[in-house]
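Trainee: generate coordinates for the sequence data below:
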Amino acid sequence: MTAVFVVFSFVFLASGVYAASTIGTNMSTTGTLTVAPAANSTTSVRFQNAAGTNYFFADSTNSRIGIGAAPSTKFEVQGTASASYLMTANSLQVFGVASVAYSRFGIGTTGHSLAAADDVLFVGLVEFNDNAFFDAKASISGNFQTAGRFILGDSGDTGAIDTSDWDISSTGAMTGIGAITSDGVLTVNDRVEFQGTASASYFLTKNTIQVGGAFASVAYSRFGTGETGHSLVAADDILVSGLVEFDDNVFFDAKASMSNNFQTSGRFIASGAASHSFAGDLRVTSSFVLGAASASSQLYVAEFNTSTVGTASYLFAGGGVSASTTGTCFQLKSTNGTWIYMRFPAGATAPLLSTVECR
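Mentor: Alright, predicted model coming up:
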């Protein structure tokens with residue numbers, strides 16, 4: 001038995017006789033030392049220093065041991081304690097003495113159904129000065145600035161991510177976000193927000209694309225926040241609310257409808273030095289005006305004008321296989337509503353009017 005080099009008082013048990021004893025010198029034993037109080041007490045055994053200050057307590061009433069102060073738990077140390085290893089068969093409670101089923105740092109209560117001893121709740125800040133590995137889901141519901149956002153970097157860091165450090169090699173489901181497939185494809189089922197510039201070699205989406213507006217989604221793709229006026233319903237239907245510029249050829253493989261332009265409602269303007277051609281039929285369902293900005297009268301369904309002072313020249317040429325013999329023919333209605341046909345024979349002669357159709 002290790003020798004005790006302090007003077008202390010205790011109740012000495014010998015042959016059933018209880019007596020107060022004081023030992024002023026060293027005490028040692030080669031057998032078992034049993035200390036049994038006459039009655040249980042919260043201070044059954046106390047060790048003191050030379051100044052008479054208690055630093056070790058044995059509480060036989062509650063079966064507790066305390067170092068530095070009277071214990072309130074099974075084993076309690078007041079002050080700094082160290083150990084080569086800390087092992088516990090149950091939960092770990094730090095900064096609190098009330099026990100719960102899960103381990104925790106602080107006295108907060110779980111908000112995510114923690115129930116096992118190896119579930120850990122951190123009530124205060126947590127700092128990682130080396131790599132952190134999450135082998136399962138990670139949920140982030142708040143940050144330093146705005147709820148629901150995840151921030152990389154701080155005021156001294158751009159927060160850039162080096163994707164060469166990413167290793168996505170196996171399928172990993174992420175509930176509420178998406179999934180990572182075996183070939184490294186990240187599918188996101190909810191919103192991802194980038195504050196700043198983001199680039200990608202390809203942009204692929206199975207659903208609509210919403211650009212330049214709030215995060216409200218519609219059935220069709222759109223640039224802006226405008227609403228369709230032509231029953232767009234599919235993901236590959238596109239509404240552009242702002243200006244559109246084409247610096248190369250544009251091909252319309254179906255109908256094109258125009259109800260407005262920069263100057264006057266309902267007009268289509270083709271400008272530039274190059275000629276404009278139509279491979280198919282050109283059909284005008286309203287008044288046709290050529291050579292002037294507007295019609296001179298609503299009585300005419302077609303007008304051919306020119307801003308040049310002097311004689312205006314117009315070319316009307318027949319077409320088709322027999323163009324050399326058919327010539328130009330005009331089909332007109334007479335005052336009584338019957339069709340008459342006007343042809344131009346060879347030479348400088350008067351036109352011929354007849355009821356024979358042009359074709």
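Trainee: pLDDT-wise, which helix or strand of the protein ranks last?
Mentor: Using mean pLDDT, DSSP states H and E, strand 172-174 stands out as the lowest-scoring helix or strand of the chain, at a mean of 41.
Trainee: in the stretch 251-359 of the chain, which spans are helices?
Mentor: For the stretch 251-359 of the chain, the helices defined by DSSP state H, counting those that start in this stretch occupy 323-326.
Trainee: give me the below-cutoff pLDDT ranges for it.
Mentor: Across the stretch 251-359 of the chain, the ranges flagged by pLDDT under 70 are 259-274, 297-298, 318-325, 359.
Trainee: ranges for the strands of it?
Mentor: For the stretch 251-359 of the chain, the strands defined by DSSP state E, counting those that start in this stretch occupy 288-290, 302-304, 329-333, 339-343, 352-354.
Trainee: kindly reformat those strands as JSON lines containing distance to Ala115 and mean neighbour count.
Mentor: Placement of C-beta: from N, CA and C, glycine included. Formatted as JSON lines, the strands of the stretch 251-359 of the chain follow (distance: least, Cβ to Cβ, whole Å; neighbours: other Cβ atoms under 10 Å):
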{"stretch": "strand 288-290", "distance to Ala115": "81", "mean neighbour count": "14"}
{"stretch": "strand 302-304", "distance to Ala115": "85", "mean neighbour count": "12"}
{"stretch": "strand 329-333", "distance to Ala115": "91", "mean neighbour count": "12"}
{"stretch": "strand 339-343", "distance to Ala115": "94", "mean neighbour count": "14"}
{"stretch": "strand 352-354", "distance to Ala115": "102", "mean neighbour count": "12"}
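Trainee: you'd agree Tyr102 is up against Val120?
Mentor: Yes: using Cβ atoms under 8 Å, Tyr102 is in contact with Val120, at 7.0 Å.
Trainee: quick one, which of these two is more surrounded?
Mentor: Tyr102 (19 against 16; other Cβ atoms under 10 Å).
Trainee: what do Tyr102 and Val120 both touch?
Mentor: Counting by Cβ atoms under 8 Å, 6 or more residues apart in numbering, the common neighbours of Tyr102 and Val120 are Leu114.
Trainee: in stretch 227-235, what's buried?
Mentor: Neighbour-count burial for stretch 227-235 flags Leu232 (criterion: 16 or more other Cβ atoms under 10 Å).
Trainee: for it, give me every contacting residue.
Mentor: Outside stretch 227-235, the residues touching it (Cβ under 8 Å, 6+ apart) are 206-208, 218-222, 237-239, 257.
Trainee: most neighbours of all these, which one?
Mentor: When neighbours are counted by other Cβ under 10 Å, Arg222 leads the contacts of stretch 227-235 with 23 neighbours.
Trainee: pull the contacting residues for it.
Mentor: Neighbouring residues of Arg222 by Cβ under 8 Å, 6+ apart: 208-211, 213, 228, 238-241.
Trainee: picking up where we left off before, just the contacts of stretch 227-235: which are in strands?
Mentor: Of the contacts of stretch 227-235, the ones assigned to strands by DSSP state E are 221-222, 238-239.
Trainee: what kind of secondary structure is Asp135 in?
Mentor: In three-state terms, and counting by DSSP: H, G, I helix; E, B strand; the rest coil, Asp135 is coil.
Trainee: can you give me the pLDDT of it?
Mentor: Note for Asp135: predicted pLDDT of 83.
Trainee: same check on the one 10 residues further on?
Mentor: Model confidence at Gln145, expressed as pLDDT, equals 49.
Trainee: residue contacts, Ser41?
Mentor: With Cβ under 8 Å, 6+ apart, Ser41 has these contacts: 59-61.
Trainee: which of the residues you listed has the most neighbours?
Mentor: Using other Cβ under 10 Å as the neighbour criterion, Asp59 leads the contacts of Ser41 with 20 neighbours.
Trainee: now that one: closest residue in space, sequence neighbours ignored.
Mentor: Once flanking residues are discounted, Asp59 sits nearest to Thr42: 4.7 Å by Cβ to Cβ, 6 or more residues apart in numbering.
Trainee: count the neighbours of that neighbour for me.
Mentor: Neighbours around Thr42, by other Cβ under 10 Å: 14.
Trainee: next one: Ile23
Mentor: Using other Cβ under 10 Å, Ile23 is surrounded by 13 other residues.
Trainee: from Gln93, how far off is it?
Mentor: 40 Å (Cβ to Cβ, to the nearest Å).
Trainee: please apply the same query to Ser231.
Mentor: Separation of Ser231 from Gln93 (Cβ to Cβ) stands at 63 Å.
Trainee: same check on Ser294?
Mentor: Taking Cβ to Cβ as the measure, Ser294 falls 87 Å from Gln93.
Trainee: buried residues in stretch 57-69, which are they?
Mentor: By 16+ other Cβ under 10 Å, the buried positions in stretch 57-69 come out as 57-60, 64, 66-67.
Trainee: what does stretch 283-294 give?
Mentor: If you call a residue buried by 16+ other Cβ under 10 Å, then stretch 283-294 has these buried ones: Val289.
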